[in-house]
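1. the amino acid sequence is not available; the structure is as follows:
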């Protein structure tokens with residue numbers, strides 16, 4: 001027993017001497033380098049490094065005149081039409097998203113381009129009632145129009161450069177940390193006695209409330225079709241798109257109203273789908289056309 005007490009005392013003395021040496025080193029400025037202020041030059045270098053990151057990209061709709069472009073008279077015959085904003089032109093192979101301009105008043109709208117089925121006398125460009133009303137066209141009066149196809153492309157976006165902090169070159173030298181005189185033996189002994197005492201048992205934390213049960217959203221149906229959706233129409237007024245969606249729900253079709261924009265102009269697309277197979281998509285298209293949306297067509301999303 002006496003031997004054990006002697007060994008314990010020897011260990012305590014060794015710990016005290018080691019702590020004293022460490023504290024003495026702090027007094028001489030040899031320890032705790034992490035407390036020193038960072039050099040001003042390092043901060044400026046960090047800011048410059050952040051500003052040197054590569055510029056990102058974003059997707060935008062840009063005009064594609066090589067796909068389709070027509071600059072000629074257009075006509076609205078004055079009759080109401082379904083399908084939202086669209087324009088028809090002879091010889092069009094596939095439906096396209098286009099920007100339609102009234103060159104007489106410079107008003108524009110985003111719509112769909114279809115093939116004109118009947119070649120009636122007069123201007124080749126035939127516009128829907130929604131397109132004509134948005135562009136302030138007069139029924140039965142030919143108007144000079146411009147119709148250009150749109151394509152989505154990745155456009156580089158320059159990131160704003162991060163400038164140096166004002167006055168960074170003339171920053172004063174960082175102040176050094178003053179070492180306060182310590183009594184190494186007393187401080188080390190107090191720290192050793194504190195660690196020897198058992199820590200008070202902290203009260204048990206209250207159990208966290210269980211999160212409310214949230215119903216899982218229905219999983220999106222997968223499809224192997226390249227164009228599993230059917231676009232009903234493009235609308236420049238959201239209320240018209242919502243009304244079209246409501247009429248589709250009345251016959252058991254669940255549509256989606258998707259907002260988009262191009263060159264600062266907002267539009268709303270009404271689409272249904274996705275269909276899991278060609279037969280399912282054909283059946284859905286027949287239902288849509290039976291409701292009067294004869295210009296509906298297949299789209300990717």
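-> In hand now; what should we look at? Small disclaimer: the values here were computed from a predicted structure and weren't measured.

2. what is the strand ranked longest in the chain packed up against?
-> For the chain, the strand with the greatest residue count under DSSP state E is strand 143-157. Contacts defined by 3 or more C-beta pairs under 8 Å, 6 or more residues apart in numbering; DSSP states H and E place strand 143-157 against strand 56-63, strand 69-75, strand 86-89, strand 96-102, strand 107-115, strand 125-127. Backbone N, C-alpha and C define where each C-beta goes, glycine included.

3. could you redo the last one with a cut-off of 7 Å?
-> Contacts defined by 3 or more C-beta pairs under 7 Å, 6 or more residues apart in numbering; DSSP states H and E place strand 143-157 against strand 56-63, strand 69-75, strand 96-102.

4. so can I have TSV of the ones you listed showing distance to residue 83 and mean neighbour count?
-> Converted to TSV, these look like this (distance: least, C-beta to C-beta, whole Å; neighbours: other C-beta atoms under 10 Å):
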stretch	distance to residue 83	mean neighbour count
strand 56-63	20	12
strand 69-75	16	17
strand 96-102	13	22
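
5. nearest to residue 133, out of those?
-> strand 96-102 (11.3 Å; C-beta to C-beta).

6. what comes into contact with stretch 227-235?
-> Stretch 227-235 is contacted from outside by 83-86, 110-112, 130, 241, 244, 255, 267-275, 281, 284-285, 288, 293, 296-301, using C-beta atoms under 7 Å, 6 or more residues apart in numbering.

7. narrow the residues you listed to those that are buried.
-> 83-86, 110-112, 130, 241, 244, 255, 267-275, 281, 284-285, 288, 293, 296-299 (16 or more other C-beta atoms under 10 Å).

8. just the ones of the residues you listed in helices?
-> 130, 241, 244, 281, 284-285, 288 (DSSP state H).

9. pull the most distant pair out of the residues you listed.
-> 130 and 281 (25.5 Å).

10. any chance of the ones in helices among the buried ones among the contacts of stretch 227-235 in CSV, with distance to residue 143 and pLDDT too?
-> Formatted as CSV, these follow (distance: C-beta to C-beta, whole Å; pLDDT from 0 to 100):
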residue, distance to residue 143, pLDDT
130, 15, 92
241, 25, 89
244, 26, 88
281, 37, 89
284, 36, 87
285, 32, 88
288, 30, 85
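
11. the residue nearest to residue 96 when sequence neighbours are not counted - how many residues pack around it?
-> Leaving aside its chain neighbours, residue 96 sits nearest to residue 113 (4.4 Å; criterion: C-beta to C-beta, 6 or more residues apart in numbering). For residue 113, the neighbour count with other C-beta atoms under 10 Å is 24.

12. wait, residue 113 sits on residue 92?
-> Yes. Residue 113 lies in contact with residue 92 (C-beta atoms under 7 Å); the separation is 5.9 Å.
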